[in-house]
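Novice: coords below, sequence missing:
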């Protein structure tokens, strides 16, 4: 049976965060607000939980789950290297709607899908999300919707699509921005924009110099 917590209310927020942390620790799924849309997440290192997340969304392993972190230090521990531009981009845009594709630390025992040795990392600019991530550690988080359906911008939309597959719903109110994060691939010699989003390309280019796009 799913439980929903009003995190706009101070007492509801404290209770909800505690319950969400416990659920993540048990390998269950939670829905949380972010600075873009609502996300469905779990412990990134629990293989069964990630499989449940993909199943809840109706999504295959060919679309690996991104990872959200609560600190830059946590991000550093997950990757081989930040490369030439990773730290500068984090300094400029984290926390915020910028997802970075980096080479994963090979010693990690996780399975996010068919990642081909990479991981998509982001630190969201949302206090509820950050508070949870600082308690749980890195979480595998995807948009809180069934595959092919619009991302949820309210908790009601997330509940309607995901139902009892999720143990805890954290209601932070409507998402202010219904715009996905910008995705930049740093695994190649030249940084490449894989998805245009909330952070314009012309703001990223001064940080990295040349920036390849699909245009």
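Specialist: Thanks, I have it. No experiment lies behind these values; they were computed from the predicted model shown. Residues are numbered from 1 along each chain as shown.
Novice: roughly how far out does stretch 194-210 sit from the chain middle?
Specialist: Centroid displacement of stretch 194-210 relative to its chain, using C-alpha atoms, centre = their mean, to the nearest Å, is 19 Å.
Novice: Pull the residues that contact that stretch.
Specialist: The list of residues contacting stretch 194-210 from outside it, by C-beta atoms under 8 Å, 6 or more residues apart in numbering, reads 36, 85, 88-89, 92-93, 96-99, 101, 177, 179-185, 190-191, 193, 211, 213-214. From N, CA and C alone the C-beta is placed, and that goes for glycine too.
Novice: From start to finish, how long is that stretch in a straight line?
Specialist: 15 Å (C-alpha to C-alpha, to the nearest Å).
Novice: Filter the contacts of stretch 194-210 down to the buried ones, PyMOL style.
Specialist: Selection of buried members from the contacts of stretch 194-210 for PyMOL, criterion 16 or more other C-beta atoms under 10 Å:
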select buried, resi 36+85+89+92+93+96+97+98+99+101+180+181+182+183+184+185+191+193+211
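Novice: Give me the subset of the contacts of stretch 194-210 lying in strands.
Specialist: 98-99, 101, 182-185, 193 (DSSP state E).
Novice: Adding distance to residue 4 and pLDDT, write those residues out as TSV.
Specialist: Formatted as TSV, the ones in strands among the contacts of stretch 194-210 follow (distance: C-beta to C-beta, whole Å; pLDDT from 0 to 100):
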residue	distance to residue 4	pLDDT
98	30	98
99	27	98
101	33	97
182	31	97
183	30	97
184	34	98
185	36	97
193	36	97
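Novice: tell me which of these is nearest to residue 68?
Specialist: residue 99 (9.4 Å; C-beta to C-beta).
Novice: okay but the closest one is in contact with residue 123, surely?
Specialist: No. In this structure residue 99 lies outside contact range of residue 123 using C-beta atoms under 8 Å: 9.7 Å.
Novice: what are the ranges of the helices in this structure?
Specialist: Using DSSP state H, the helices of the chain run over 10-25, 47-57, 72-78, 86-93, 127-136, 155-162, 201-208.
Novice: Which stretch among those helices approaches residue 106 most closely?
Specialist: helix 72-78 (11.0 Å).
Novice: Pull out the buried positions in the closest one.
Specialist: Neighbour-count burial for helix 72-78 [16+ other C-beta under 10 Å]: 72, 74-76, 78.
Novice: and which of those residues is nearest to residue 146?
Specialist: Among the buried residues of helix 72-78, and counting by C-beta to C-beta, the member closest to residue 146 is residue 78, at 27.6 Å.
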